[in-house]
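A.B. asks: structure, please.
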Amino acid sequence: MQLEIYLHNWRCFSTTKFTLPTDSLVIIDNNGSGKTSLISAIYSLFTNSPFPYTKYIDALKIDSNYMGILSNIKNLSLTGELRNSRFYTRYNSLVFNKNKIDKTNLFLNKPTILTYLPIDNLWLSSDRKSKLQILDIILGQVFEDFNFYLKKLNKLLKIKNIYLLKLKNNQTKFDHIYWSELNINIWQNSLYIWKIRQKFFHYLEANLSIFNNFLNKKDLQLKLYYYCKECDKYISYDHYLKKRQEPNYDYLKNIELLIFRNLFGAQRDDFWLEIGGQRIEKILSKGEMRILVLAIKHLAIKLSKTISTKPVWWFLDDALNELDVEKENIIFEQMLNDTDYYLITGSSAKPINSVSIKELMI
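C.D. replies: Next up is the predicted model:
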């Protein structure tokens, strides 16, 4: 069964219907034709998450208060509405059976969807906040419960920051019990996030050497170093986790109430990667960094297949133009072979079968 989706006030589309075949798809069209709008709608419809680096409200068409993604699959839809300056969404995915895979129809299964976007090329040489953001997007796509704990952590941090601001402005009194419970919850959610990050980094360190030939390195032994604030230096991740002891909240309280900012938790991490004792951004060219990111994304696909029976989809948006080196294309083709379904967009012609946006419209 083909997938028919109806987009209403979604990005650049007012009311448009698309039909997608069950086979993987490559969309080649001009910039501004709606490629990202379509691929982001499919991503959100099957994950109940905004497209990476965006919020749902970003998908709302200008001068609109309501958006919707409907489909020909019963009980699969996503709608959103702007009310009183807040955006509310409603997701219906009753069609998915978590305990059973429907091999007769690709679109009746809840997939694991991994993405590759042009911004990912800068991942390992970007600033601390951006590195963590891209890392957590990958982990949220691979590990089913990761986003739950990450969203919970961010919500707790927001609550704490508001509480600190109220204390600063003398709008409330200090409540030691409330303060302790808030900090303990931040710590417990951080522990889960650190545990998942450790599992992912261990997998990378153990398997990345299979890409030695692609980077012309004799020994691609990746080493990860994490910033330890207590010792003010970068150390190995395992050592970092051993150093991670529950903070002395009473001690931190005096400092946090002085600067009115939270001073612990998984959101404050920083890291870098080394090969042969040197940071990768100092020894790898931009092209090699792109190959390394592709290799890590490939391993993320492989890892997802070891921890879940769900089909793996791969969405690559407007990054096809970046693949100019033969080695990159080899990794790229291997990634396609390891996925159950892929959806790729680009604006330049490539020697593969492709369609335009208009050809998918009904």
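
A.B. asks: how about low-confidence regions in this structure?
C.D. replies: 98-99, 215-220, 228-232, 320-325, 349-352 (pLDDT under 70).

A.B. asks: domains in it, by residue range?
C.D. replies: 1-108+342-362, 112-308 (automatic domain parsing).

A.B. asks: gap between the two ends of the longest one?
C.D. replies: Domain 112-308 has an end-to-end distance of 9 Å (C-alpha to C-alpha, to the nearest Å).

A.B. asks: returning to what we had before: nearest to residue 331 among the domains of the chain would be which one?
C.D. replies: domain 112-308 (4.8 Å; C-beta to C-beta). (Each C-beta comes from the backbone N, C-alpha and C, glycine too.)

A.B. asks: the closest one: how far from the chain's middle?
C.D. replies: 12 Å (C-alpha atoms, centre = their mean, to the nearest Å).

A.B. asks: was I right about residue 302 contacting residue 338?
C.D. replies: Yes: here residue 302 reaches residue 338: they are 6.3 Å apart, a contact under C-beta atoms under 8 Å.

A.B. asks: out of the domains of the chain, nearest to residue 332?
C.D. replies: The nearest among those, by C-beta to C-beta, is domain 112-308 at 6.7 Å.

A.B. asks: do a quick rundown of the strands in the protein.
C.D. replies: 3-10, 13-20, 25-28, 66-71, 76-83, 86-93, 112-116, 222-228, 233-236, 271-275, 278-279, 312-316, 341-346 (DSSP state E).

A.B. asks: what residue is smack in the middle of the chain?
C.D. replies: Residue closest to the mean C-alpha point of the chain, counted by C-alpha atoms, centre = their mean, is residue 137 at 1.9 Å.

A.B. asks: distance of that one relative to residue 146?
C.D. replies: 10 Å (C-beta to C-beta, to the nearest Å).

A.B. asks: and if you look at residue 274?
C.D. replies: 25 Å.

A.B. asks: thinking again about what came up before, and the strands of the chain as a markdown table, adding mean neighbour count and distance to residue 131?
C.D. replies: Compiled in a markdown table, the strands of the chain are given as follows (neighbours: other C-beta atoms under 10 Å; distance: least, C-beta to C-beta, whole Å):
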| stretch | mean neighbour count | distance to residue 131 |
| --- | --- | --- |
| strand 3-10 | 20 | 30 |
| strand 13-20 | 16 | 33 |
| strand 25-28 | 20 | 30 |
| strand 66-71 | 19 | 31 |
| strand 76-83 | 18 | 30 |
| strand 86-93 | 13 | 28 |
| strand 112-116 | 24 | 16 |
| strand 222-228 | 19 | 11 |
| strand 233-236 | 14 | 13 |
| strand 271-275 | 18 | 7 |
| strand 278-279 | 14 | 12 |
| strand 312-316 | 24 | 21 |
| strand 341-346 | 22 | 25 |
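
A.B. asks: could you redo those as CSV and give each row distance to residue 167?
C.D. replies: As requested, the strands of the chain are exported to CSV (distance: least, C-beta to C-beta, whole Å):
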stretch, distance to residue 167
strand 3-10, 42
strand 13-20, 46
strand 25-28, 52
strand 66-71, 39
strand 76-83, 31
strand 86-93, 26
strand 112-116, 40
strand 222-228, 28
strand 233-236, 32
strand 271-275, 32
strand 278-279, 40
strand 312-316, 44
strand 341-346, 48
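
A.B. asks: out of those strands, nearest to residue 200?
C.D. replies: strand 222-228 (10.0 Å).

A.B. asks: please report how far the closest residue to residue 280 other than its chain neighbours lies from residue 25.
C.D. replies: Leaving aside its sequence neighbours, residue 280 sits nearest to residue 273 (C-beta to C-beta, 6 or more residues apart in numbering; 4.9 Å). Computed as C-beta to C-beta, the residue 273 to residue 25 distance reads 33 Å.

A.B. asks: repeat for residue 130
C.D. replies: Counting by C-beta to C-beta - residue 130 and residue 25 are separated by 30 Å.

A.B. asks: could you do residue 289 as well?
C.D. replies: Counting by C-beta to C-beta, the gap from residue 289 to residue 25 is 28 Å.

A.B. asks: same question for residue 263.
C.D. replies: From residue 263 to residue 25 the distance is 47 Å (C-beta to C-beta).

A.B. asks: check contacts around the nearest residue to residue 91 once chain neighbours are set aside.
C.D. replies: Distance criterion C-beta to C-beta, 6+ apart; nearest residue to residue 91, sequence neighbours excluded, is residue 48 at 4.4 Å. Going by C-beta atoms under 8 Å, 6 or more residues apart in numbering, residue 48 touches 78, 91, 93.

A.B. asks: quick check: bridge partners of residue 60?
C.D. replies: Beta-bridge partners recorded for residue 60 (DSSP bridges): residue 10.

A.B. asks: ok, it touching residue 88?
C.D. replies: No: the pair residue 60 and residue 88 does not pass the contact test of C-beta under 8 Å, sitting 11.4 Å apart.
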